[in-house]
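Asks: coordinates for the following, if possible.
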Amino acid sequence: MAEKKEENKKQGLVKRIFKWIGLSILVLLILLALVVEAPKKLVILLLIILAAFTTLPKPARKWFWLGVGVVVLALIIWIFLPEDNEGWQPYQFNFDKELQKLQTKYSIPPEENAAIFYSQLMEKYDANDYYIFDIVDFDSDTFDKIFRNPWLSKDYPEIADRLKHIQRAIETLIEISEIKQCVFPISDPYPHSDRNSAVRRWARLMVIAINNDIAEGRIDEASKKIVTNLQIAKHQYQQPTSIDVLTGIAVESLALQHLNRIIVESEAVDKHLNILEKALPDIKNDWNSIFTKIIEYDKLCLKTELSKYYEVNTKGRTRLSRDPLAELRLNFSEYLQDTEIDNDNTKATLEYIAYPSYLRKKRIKAETILRWFTMPSDPEKAAEILEKCFERYYAMAQPDFDWTQQPQKIVSLFTMRNFYLLRFNYKHFAQLIADMSEEGFYSKHDLYLRTLTLCRGSRLLIAIKQYHNENSTWPPNLDAIKSAAPAEAFIDPVTGNQLEYENHGERFSLYGETANIWPK
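Replies: Numbering: from 1, shown residues only. Below you'll find the model as predicted:
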């Protein structure tokens, strides 16, 4: 009897030890959840379990755990039940109104919109016919020579003939560029790259033609084509998308390099200089208007992407999506049906995403339960959280914003603590998405200012050339042309310091701390 009593005592001690270990782990989990700011639903669930261990009467505990078992069993059955998706569609369509407002905000009459005519040009020369703009292989030595330097038709007769063959396309681009306004449709949250690819091809074509005109003394024709590239860049700047603005920066930089060559090295007279001066972009810092459009559009795109985690039915009822990547899977499956893919690894990856197995489909559906704990139940609430994460970035559009304070690198965010913030809290996930955008905002601003430096330098080169045309010598210093150019033209917008000028007799140098405008 004593032995049995001792054995029961030991068993009771073991039970109490395991109970306190379990309670300690549970309390630690609750504290950890509070530290990493886990969602309220998860914290409440842990508190309920803690209460079941501590305050719930012993006779009721078995019913509690029986209820937990029933809930778990019901969820397992729900996962394996066929899904009824009739009448449900991705909630992102509810953001169409916001997208339409943005479209309306920037809309202009069709007859005044260069985008209409660019699109017609693209349709005329569709993807299979783009080769007409590639008059020479992009990766060849020949391309490098005629793209970077003036060239004579007699040295490259085949290329010269090719230019004549596509003269009408060049003239069409010149005509389109004369239209001041340009707004492409922004109904697609992430515009296809075909348009920007076409713009780059057009700009390269113009450069090759410009170099031929310069070499053969056709200053009027070369100036007209440089103006065209500058106008194409201006059209890109009018779009609200980052990719369009970056394309505009690339085209503008390219145009300014050749504009500078014509100004300094050719026999350009005041007539040509006046034409080029009028075509120059505004030398004032216009980052405010450019960036405001970018952030509006980027924010809407991210809200649209995040809203794919929700669905809405015809009655307006919302729920968490059973498969947020459904649309992507459909696109991939259509792509696989329409396209021959030679790379086996690429094909296998696309098939893995497009055609999930039965068990993967069930796992994807099971992830909905985790998202119920981690994401807001209301998609509008999710959008509101993301909106707040972007509010501080509007300060970047202000002229007094301190750009010297570089953002924290995204890689450094992945500490152990932030891993839990990312995994268990939608607010921190939304903030991470916003932080990733912030790093891109800094790089875009830097590229914009560097191009603005080149633009201001080009404006000074025009004044320097005018001085040379009048005096047959280069100005001794920038003070000699002080009255011939706006005050902003003398300032490097990156550093705020004055651009540097050196007279070397037969030649000169013009440069800033971040840009070599004319060879130093």
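
Asks: now for the particular helix or strand that has Ala383 in it, which elements pack on it?
Replies: Under the criterion of DSSP states H and E, Ala383 resides in helix 379-391. Helix 379-391 makes packing contacts with helix 287-306, strand 310-313, helix 426-471 when contacts are defined by 3 or more C-beta pairs under 8 Å, 6 or more residues apart in numbering; DSSP states H and E. For every residue, glycine as well, the C-beta is placed using N, CA and C.

Asks: buried residues, that helix. List them.
Replies: With burial defined by 16 or more other C-beta atoms under 10 Å, the residues of helix 379-391 counted as buried are Pro379, Ala382, Ala383, Ile385, Leu386, Cys389, Phe390.

Asks: what is the nearest of those residues to Glu513?
Replies: Proximity to Glu513 was ranked across the buried residues of helix 379-391 by C-beta to C-beta; first place goes to Phe390, at 31.7 Å.

Asks: which strand or helix spans the closest residue in space to Ala354 that isn't next to it in sequence?
Replies: In space, and not counting its chain neighbours, Ala354 is closest to Phe332: 3.8 Å by C-beta to C-beta, 6 or more residues apart in numbering. Assigned by DSSP H and E, Phe332 belongs to helix 326-338.

Asks: Gly248: what's it in contact with?
Replies: Contact analysis of Gly248 by C-beta atoms under 8 Å, 6 or more residues apart in numbering lists Ile232, Ala233, Lys234, His235, Gln236, Tyr237, Gln239.

Asks: ok, 7 Å please
Replies: Ala233, Gln236, Tyr237 (C-beta atoms under 7 Å, 6 or more residues apart in numbering).

Asks: what about those, which are in helices?
Replies: Among those, the residues falling in helices (DSSP state H) are Ala233, Gln236, Tyr237.

Asks: filter these down to the buried ones, PyMOL style.
Replies: The PyMOL selection below is limited to those of these classed as buried (16+ other C-beta under 10 Å):
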select buried, resi 233+236+237
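
Asks: Asn516: how many residues sit nearby?
Replies: Other residues within reach of Asn516 by the criterion other C-beta atoms under 10 Å amount to 13.

Asks: could you check how far it is from Glu500?
Replies: Look at Asn516 and Glu500: by C-beta to C-beta, to the nearest Å, they are 10 Å apart.

Asks: what does Phe64 give?
Replies: Plainly put, Phe64 is 78 Å away from Glu500 if you go by C-beta to C-beta.

Asks: swap in Asp161?
Replies: Distance of Asp161 to Glu500, computed by C-beta to C-beta: 44 Å.

Asks: okay, these two: which has more neighbours?
Replies: Counted by other C-beta under 10 Å, Asp161 and Glu500 do not tie: Glu500 has more neighbours, with 14 against 11.

Asks: which ones are touching the more buried one?
Replies: Neighbour list for Glu500: Tyr511, Gly512 [criterion: C-beta under 7 Å, 6+ apart].

Asks: hey, what's it bridged with?
Replies: Under DSSP bridges, the beta-bridge partners of Glu500 are Tyr511.

Asks: make residue 1 into 39 and carry on from there
Replies: New numbering, starting at 39: the last item is Glu538.

Asks: for it, give me the pLDDT.
Replies: Glu538 is assigned a predicted lDDT (pLDDT) of 93.

Asks: circling back to that earlier point, give me the residues contacting the helix holding Ala421.
Replies: Under the criterion C-beta under 7 Å, 6+ apart, external residues in contact with helix 417-429 comprise 129, 333, 337, 340-341, 344-345, 348, 356, 413-414, 464-465, 468-469, 472.

Asks: and for stretch 514-525?
Replies: Stretch 514-525 is contacted from outside by Ile321, Arg497, Leu498, Ala501, Ile502, Gln504, Tyr505, Pro513, Phe528, Tyr539, Asn541, using C-beta under 7 Å, 6+ apart.

Asks: of all the helices and strands packed on helix 417-429, which lies closest to Ile212?
Replies: Among those, helix 464-509 comes nearest to Ile212, with 20.1 Å by C-beta to C-beta.

Asks: what's the first helix or strand after the strand or helix carrying Ile287?
Replies: Using DSSP H and E, the secondary-structure element containing Ile287 is helix 280-303. On the C-terminal side of helix 280-303, the nearest following helix or strand under DSSP H and E is helix 308-317.

Asks: dump that following helix to PDB, restricted to CA.
Replies: What follows is helix 308-317 as a C-alpha-only set of coordinates in PDB (Å, rounded to 0.1, in the frame of the first residue of the first chain):
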ATOM      1  CA  ASP A 308      23.100  80.700 -83.200                       C
ATOM      2  CA  LYS A 309      20.100  79.300 -85.200                       C
ATOM      3  CA  HIS A 310      21.000  75.700 -84.200                       C
ATOM      4  CA  LEU A 311      21.900  76.800 -80.600                       C
ATOM      5  CA  ASN A 312      18.500  78.500 -80.200                       C
ATOM      6  CA  ILE A 313      16.700  75.400 -81.400                       C
ATOM      7  CA  LEU A 314      18.600  73.200 -79.000                       C
ATOM      8  CA  GLU A 315      18.100  75.600 -76.100                       C
ATOM      9  CA  LYS A 316      14.300  75.600 -76.600                       C
ATOM     10  CA  ALA A 317      14.300  71.800 -76.600                       C
END
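
Asks: now the angle from it to helix 280-303?
Replies: Helix 308-317 and helix 280-303 are oriented at 160 degrees to each other (axes from the mean of the first three to the mean of the last three C-alpha atoms, to 10 degrees).

Asks: spatially central residue in the protein, please.
Replies: A centroid search over the chain (C-alpha atoms, centre = their mean) returns Ser280, at 4.9 Å, as the residue closest to the centre.

Asks: can you tell me the closest non-neighbouring residue to it?
Replies: Across the structure, with C-beta to C-beta, 6+ apart as the measure, the residue nearest Ser280 apart from its sequence neighbours is Ile332 (5.6 Å).

Asks: and that neighbour, how far is that from Leu424?
Replies: Distance, Ile332 to Leu424, using C-beta to C-beta: 16 Å.

Asks: show me how the chain divides into domains.
Replies: Segmentation of the chain into domains, based on automatic domain parsing, reads 40-118, 148-215+226-319, 334-434+448-474, 437-447+475-558.

Asks: give me the mean pLDDT for the longest one.
Replies: Mean per-residue pLDDT for domain 148-215+226-319: 85.

Asks: go ahead and confirm Glu136 touches Tyr335.
Replies: No: checked against C-beta atoms under 7 Å, the pair Glu136 and Tyr335 is beyond contact range at 10.8 Å.

Asks: in terms of packing, which of the two has more residues around it?
Replies: In terms of neighbours (other C-beta under 10 Å), Tyr335 is the more surrounded of Glu136 and Tyr335; the figures are 20 against 15.

Asks: leaving out chain neighbours, which residue sits closest to the more buried one?
Replies: Beyond its immediate neighbours in the sequence, the residue positioned closest to Tyr335 (C-beta to C-beta, 6+ apart) is Pro278, lying 3.9 Å away.

Asks: burial measure for the one you found, as a count.
Replies: Residue neighbour count, defined by other C-beta under 10 Å, stands at 22 for Pro278.
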